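J.: just a sequence and a predicted model for now, questions to come.
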Amino acid sequence: MKKSFTTRSLHVPFPKKDAHRSLDMPIYESVAFEFDSSEDIAANFRGELPAHVYSRTSNPTVEYFEQKLKTLTGAHHVLALSSGMSAITNTILAICKSGDNIISGNHLFAHSYSLFDQTLRNYGLETRFTDTTKADEVEKLVDENTRAIYFETVTNPQLEIADILKLSNIAKKYKLLLISDSTITPPVVFNAKDFGVDIEVMSTTKHISGGATSFGGVIVDHGTYDWQLNPNLKPLVEKFGKDTFVGRLRKNYYRNTGGAMTAHTAHYQILGLDLLELRFERSYDNCMKLGKFLGNHPQVKGVTYPGMKNAVNYDLAKVQFDGKPGTIITFDLESEQACFAFMNRLQLIRRATNLNDNKSLIIHPWSTIYVEFSEADRLAMKIKPTAMRLSVGIESADDLIADIEQALNG
């Protein structure tokens, strides 16, 4: 009988038996690790003796976090990094060279969009933005220099959902890598491999960290892509085989750019994984109750949460995420001024930018996260001056509703 997510998380064995039989993985806050002989350390550097040598390349506490997430996802490899943005950057750099392109959703989180459209473009990596909910538009952009299709499982804050199997079929047809940013839909509700995703990137700062305890990111390699199909990685296949992608990361981009996760961060993330299912379920239940309340309030002009049965993308949310597409709700008031006044009257919900903190957080994306973009660009991204993003926490739903009600009634 398959055990629950929480049970499995709590009982992932350590890579090595702890000398003191600790029930929790110790925090190995050590920079370097000793070898028994000069021959052993030389063998390690040749890649012949696996061992921790320097915490920028690997660390026992970080290794256990990676092993835990690997067990829970059934992945081939998991690599932990300092942030979600680091995970995205390392992934794209590892598969592309100057002159290559990727096809990406055009309604990305602002910093992901900026990374693709500004930072990486300056180094000759092209991103072709399109609506990934329209598979035929994605297919039109493929050419001989395309290396991957990149999408967010649920866009933030638009809350759009693409048909992942359709994207997977296109990727397979043209021998491309399919990469998902699964931050909004953690592995407790989304089994990416079942839908043909080859690589996942996630900001573990969000759901996995355990309530905004620490920054982190992961790259999850499901072991489903033939690296012979990527001309930039093909020369490494003979040496690394199925481990080619992670081998390229560990021997180049991950190691050389210095984006490693710290041992203390890994400790927090380990604890967060153990409680992920419980926290997510509470936040999801709150989303459903708040969505119903907001949808019936006369001052609210519109509510978006794909987990509600009246949502336009509910059917995809049900198939792909068991009807639990994250814990973000967006809703509109009559004007930007009304949004500001409402937010200023809130007493329990915090005005802050993050997702899946244990506390509920609200932000006005138009004037904050996307403020660097022109008004025309914001509107094209479906960012509206009348909309707010509510990251729903684990407080009592009744308390959250009471706070929203008093702020609406002013």
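T.: Done, it's in.
J.: all strands of the stretch 101-250 of the chain, in order?
T.: 101-105, 126-130, 146-152, 177-181, 199-203, 217-221 (DSSP state E, counting those that start in this stretch).
J.: I'd like those laid out as a markdown table, including mean neighbour count, distance to residue 22 and mean pLDDT.
T.: For every residue, glycine as well, the C-beta is placed using N, CA and C. A markdown table is the format used below for those (neighbours: other C-beta atoms under 10 Å; distance: least, C-beta to C-beta, whole Å; pLDDT from 0 to 100):
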| stretch | mean neighbour count | distance to residue 22 | mean pLDDT |
| --- | --- | --- | --- |
| strand 101-105 | 24 | 43 | 98 |
| strand 126-130 | 19 | 45 | 98 |
| strand 146-152 | 24 | 38 | 98 |
| strand 177-181 | 25 | 34 | 98 |
| strand 199-203 | 27 | 27 | 98 |
| strand 217-221 | 26 | 24 | 98 |
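J.: of all those strands, which one is nearest residue 15?
T.: strand 217-221 (17.0 Å; C-beta to C-beta).
J.: what's the mean pLDDT across the top helix by length along the chain?
T.: Looking across the chain with DSSP state H, the single longest helix is helix 263-295. Mean pLDDT, helix 263-295: 97.
J.: for stretch 268-276, C-alpha coordinates in CSV please.
T.: What follows is stretch 268-276 as a C-alpha-only set of coordinates in CSV (Å, rounded to 0.1, in the frame of the first residue of the first chain):
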residue,chain,number,x,y,z
TYR,A,268,14.5,24.5,7.4
GLN,A,269,13.5,23.1,4.0
ILE,A,270,13.6,19.5,5.4
LEU,A,271,11.3,20.5,8.2
GLY,A,272,9.1,22.3,5.7
LEU,A,273,8.7,19.2,3.5
ASP,A,274,7.5,17.2,6.5
LEU,A,275,4.7,19.6,7.1
LEU,A,276,3.9,20.6,3.5
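J.: returning to what we had before: among the strands of the stretch 101-250 of the chain, which comes closest to residue 32?
T.: strand 217-221 (24.2 Å).
J.: thinking again about what came up before, distance to residue 342 added to the strands of the stretch 101-250 of the chain, as CSV?
T.: As requested, the strands of the stretch 101-250 of the chain are exported to CSV (distance: least, C-beta to C-beta, whole Å):
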stretch, distance to residue 342
strand 101-105, 29
strand 126-130, 32
strand 146-152, 27
strand 177-181, 29
strand 199-203, 27
strand 217-221, 33
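J.: which helices and strands does the longest helix of the chain pack with?
T.: helix 5-10, helix 60-73, strand 302-304, strand 328-332, helix 397-409 (3 or more C-beta pairs under 8 Å, 6 or more residues apart in numbering; DSSP states H and E).
J.: would JSON lines of those with mean neighbour count and mean pLDDT be doable?
T.: Formatted as JSON lines, the helices and strands packed on helix 263-295 follow (neighbours: other C-beta atoms under 10 Å; pLDDT from 0 to 100):
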{"stretch": "helix 5-10", "mean neighbour count": "16", "mean pLDDT": "94"}
{"stretch": "helix 60-73", "mean neighbour count": "22", "mean pLDDT": "97"}
{"stretch": "strand 302-304", "mean neighbour count": "18", "mean pLDDT": "96"}
{"stretch": "strand 328-332", "mean neighbour count": "22", "mean pLDDT": "98"}
{"stretch": "helix 397-409", "mean neighbour count": "16", "mean pLDDT": "97"}
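J.: just send these back as CSV, with distance to residue 177 too.
T.: As requested, the helices and strands packed on helix 263-295 are arranged in CSV below (distance: least, C-beta to C-beta, whole Å):
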stretch, distance to residue 177
helix 5-10, 27
helix 60-73, 17
strand 302-304, 30
strand 328-332, 27
helix 397-409, 40
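J.: ok, which of the ones you listed comes nearest residue 281?
T.: helix 5-10 (10.0 Å).
J.: ok, then the element right after the closest one?
T.: Per DSSP states H and E, helix 5-10 leads on to helix 38-45 as the next helix or strand towards the C-terminus.
J.: which of the residues in that following helix are buried?
T.: Using 16 or more other C-beta atoms under 10 Å as the test for burial, helix 38-45 gives 41, 44.
J.: quick check: which of the strands of the stretch 101-250 of the chain is nearest to residue 397?
T.: Minimum separation from residue 397 across the strands of the stretch 101-250 of the chain (C-beta to C-beta) falls at strand 199-203, 25.6 Å.
J.: mind listing residues that contact the closest one?
T.: The contact list for strand 199-203, computed with C-beta atoms under 8 Å, 6 or more residues apart in numbering, reads 73, 83-85, 87-88, 91, 177-183, 186, 192, 208, 216-222, 225, 245.
J.: same deal with stretch 91-99?
T.: With C-beta under 8 Å, 6+ apart as the test, stretch 91-99 has contacts from 102, 116, 120, 123-125, 145, 147-148, 150, 177, 179, 199, 201, 219, 230, 232-233, 245, 248-249, 252-253, 257.
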